[in-house]
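S.K.: here is my input; please provide its structure:
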Amino acid sequence: MKKITVVSGCYNEEGNLEELLRRIGAVAAKFPQYDWDFLIVDNCSTDRSPEILRRLAAADRRLKVILNARNFGHIRSPYHGILQATGDAVIFLASDLQDPPELIEQFIPLWEQGWKAVAGVKNESKESPVFFLVRKIYYKLVARLADVDLLLNFTGFGLYDRALVEHLRACEDPYPYLRGQISEIGYPVVRVPFIQPRRTRGFTKNNLYTLFDIAMLGFTNHTKVPLRLATMVGFLMALFCFGVSAGYFVYKLMNWDNFSLGTAPIVVGLFFIGSVQLFFIGVLGEYIGAVHTKVTKRPLVVERERLNF
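M.R.: Numbers count the residues shown, from 1 in each chain. Predicted coordinates for the structure are as follows:
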């Protein structure tokens, strides 16, 4: 009998955990031909989530729980859960119920047809329209600049065949960009569109910094365009500055007594050139930081405890 593992990351989701597992269990009951287990990775929650998970794990041996030693962030902890899954198919979804568990019913038949990657793509969302628009613009921008065909409006919600999971494991990436890795591996991906519901319990853990972190991770992992742009802009600005300097010099020689440069053009030029330099130094710093993160080879997470393993 083949096995399906459903994986979810968790941080302060005490209001959603029981409903999440109830809805996943209802889907699993419709596919009795498979052996099911559920894996929740708790990222050192500060609410009652660990207590609830202990109680639920004691009542259902299919539920496996990993309790992290500390909060390892929104990228590393869920990815660690995917790598710890043992199913022939691994389904990943968020624990905030914005990834509807009922969509799994559409994933499994596609997997049975031979697809090794099934992606839940949120073409619409009931969250803030402005927020969703910014996300769509980001996805399209990264997709246009990336070296591979990245999935648009995809956050990781989907089904992954065991073969794909083993390729993820072989990457040994300490700070992975999952949606990019799916594209890098190269298996054909079938998309299942859905409308993302609004969160009804708890608060989103995403803030401006975490979203910026994900955005920079996508750029630094899958495109060199910002670095190429820095090179080209630097070259063009050098030519422009040389031309302006030469023009001023010649004009001064021709009008030595009548031409006064003044301080305003110098100040404006310095601020403009300085701002461009600072921008591209920041871009370069992001790439250097990404390289540093990978070469340090820190563990994805450190586990404090496992339940039902």
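
S.K.: now the helices for the stretch 101-250 of the chain?
M.R.: Remark: helices assigned in the stretch 101-250 of the chain by DSSP state H, counting those that start in this stretch are 104-112, 129-145, 162-171, 178-185, 208-222, 225-254.

S.K.: can you list the helices and strands that the third one packs against?
M.R.: What it means is helix 162-171. Helix 162-171 makes packing contacts with helix 73-84, strand 89-92, helix 178-185 when contacts are defined by 3 or more CB pairs under 8 Å, 6 or more residues apart in numbering; DSSP states H and E. All C-beta atoms are positioned from the backbone trio N, CA, C, and that covers glycine.

S.K.: tell me how this structure divides into domains.
M.R.: Using automatic domain parsing, the domains assigned to the chain come out as 3-204+299-307, 225-296.

S.K.: low-confidence stretches in the stretch 151-300 of the chain?
M.R.: 201-212, 219, 257, 259-264 (pLDDT under 70).

S.K.: dump the domains of the chain to a markdown table, plus distance to residue 214.
M.R.: Supplementary listing: the domains of the chain in a markdown table, determined by distance: least, CB to CB, whole Å:
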| stretch | distance to residue 214 |
| --- | --- |
| domain 3-204+299-307 | 7 |
| domain 225-296 | 12 |
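
S.K.: which stretch among those domains comes nearest residue 218?
M.R.: Proximity to residue 218, assessed across the domains of the chain by CB to CB, is greatest for domain 3-204+299-307 (4.7 Å).

S.K.: show the end-to-end separation of that closest one, please.
M.R.: Using CA to CA, to the nearest Å, the span of domain 3-204+299-307 from its first residue to its last is 19 Å.

S.K.: please work out which of the domains of the chain is packed deepest.
M.R.: Ranked by mean neighbour count, those are led by domain 3-204+299-307 with a mean of 18 (mean count of other CB atoms under 10 Å).

S.K.: nearest to residue 215, out of the domains of the chain?
M.R.: domain 3-204+299-307 (5.8 Å).

S.K.: the nearest residue to residue 117 once chain neighbours are set aside and residue 148: what is the separation?
M.R.: Of all residues beyond its chain neighbours, the one nearest residue 117 is residue 189 (4.3 Å), with distances taken as CB to CB, 6 or more residues apart in numbering. For residue 189, the distance to residue 148 under the criterion CB to CB, to the nearest Å works out to 11 Å.

S.K.: next, show the common contact partners of the two.
M.R.: residue 183 (CB atoms under 8 Å, 6 or more residues apart in numbering).

S.K.: ok, back up a step: now tabulate the helices of the stretch 101-250 of the chain in JSON lines and tack on distance to residue 49.
M.R.: Formatted as JSON lines, the entries for those read as follows, by distance: least, CB to CB, whole Å:
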{"stretch": "helix 104-112", "distance to residue 49": "22"}
{"stretch": "helix 129-145", "distance to residue 49": "25"}
{"stretch": "helix 162-171", "distance to residue 49": "25"}
{"stretch": "helix 178-185", "distance to residue 49": "22"}
{"stretch": "helix 208-222", "distance to residue 49": "19"}
{"stretch": "helix 225-254", "distance to residue 49": "38"}
